[in-house]
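**Q** Next one to model:
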Amino acid sequence: MDRFRLPLFHADRGVFIEGSWGRQIIDRLTPEPGEPIVIKRRFSAFMGTELDLLLRRAQITKIAVMGVTLPNCPRATMFDAAALDYDVIGIEDGLATGNEDTRIANLRDLEAIGVRIATANEVIQEIHRAADRATSNEERR
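**A** Residues are numbered from 1 along each chain as shown. Have a look, this model is predicted:
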């Protein structure tokens, strides 16, 4: 646990404690049988987890990131992903923080390190185009 959060947990305000309501997975996001679950304990989803290994084993080279408190967890995850040579997309309309100026400044900083910023709709359209290309290629074989 991050040292600066420790007082919150001691005051019984830790919402992501094992077994608490804050750790419950909502129904729409329930993992499929056999699907890996990565327990994130730091700002970056890559720090101290098996996420990089799981993605590389699955030959995944591109990730899209969304989340709240953009200057913290989403930014740290995207920074680490870029440092690990992933093609990173920050979902612009899925990244939030308490202040719009702060959000925009963080998006610009992420772009400067090579993170592509795109809307969710743009990424969904790209996924559909890629699926259509894959289907066309399969039909040609």
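**Q** Determine the longest helix present in the chain.
**A** Counting residues, the longest helix found in the chain (DSSP state H) is helix 120-140.
**Q** check contacts around the spatially most central residue of the chain.
**A** Closest to where the C-alpha atoms of the chain average out (Cα atoms, centre = their mean) is Val65, at 3.4 Å. Counting by Cβ atoms under 8 Å, 6 or more residues apart in numbering, Val65 touches Pro74, Thr77, Met78, Ala81, Val88, Ile89, Gly90, Ile91, Leu95. For every residue, glycine as well, the C-beta is placed using N, CA and C.
**Q** show me the contacts for the third one.
**A** Contacts for Met78 (Cβ under 8 Å, 6+ apart) come out as Val65, Val88, Gly90, Leu110, Val115.
**Q** Pull the number of nearby residues for Val38.
**A** By other Cβ atoms under 10 Å, the residues close to Val38 number 13.
**Q** My reading is that it lies in a helix. Confirm?
**A** No: counting by DSSP: H, G, I helix; E, B strand; the rest coil, Val38 is not part of a helix but coil.
**Q** Most neighbours among the contacts of Val65, please name it.
**A** Met78 (30 neighbours).
**Q** Which single one of the contacts of Val65 is nearest to Asp27?
**A** Ranked by distance to Asp27 (Cβ to Cβ), these are led by Ile91 at 21.9 Å.
**Q** Direction included, what does the helix or strand containing that closest one pair up with?
**A** Using DSSP states H and E, the element containing Ile91 is strand 87-95. If you go by DSSP bridges, strand 87-95 pairs up with strand 62-67 (parallel), strand 116-118 (parallel).
**Q** Those strands: which one's closest to Asp52?
**A** When these are compared by Cβ to Cβ, strand 62-67 sits nearest Asp52, at 10.5 Å.
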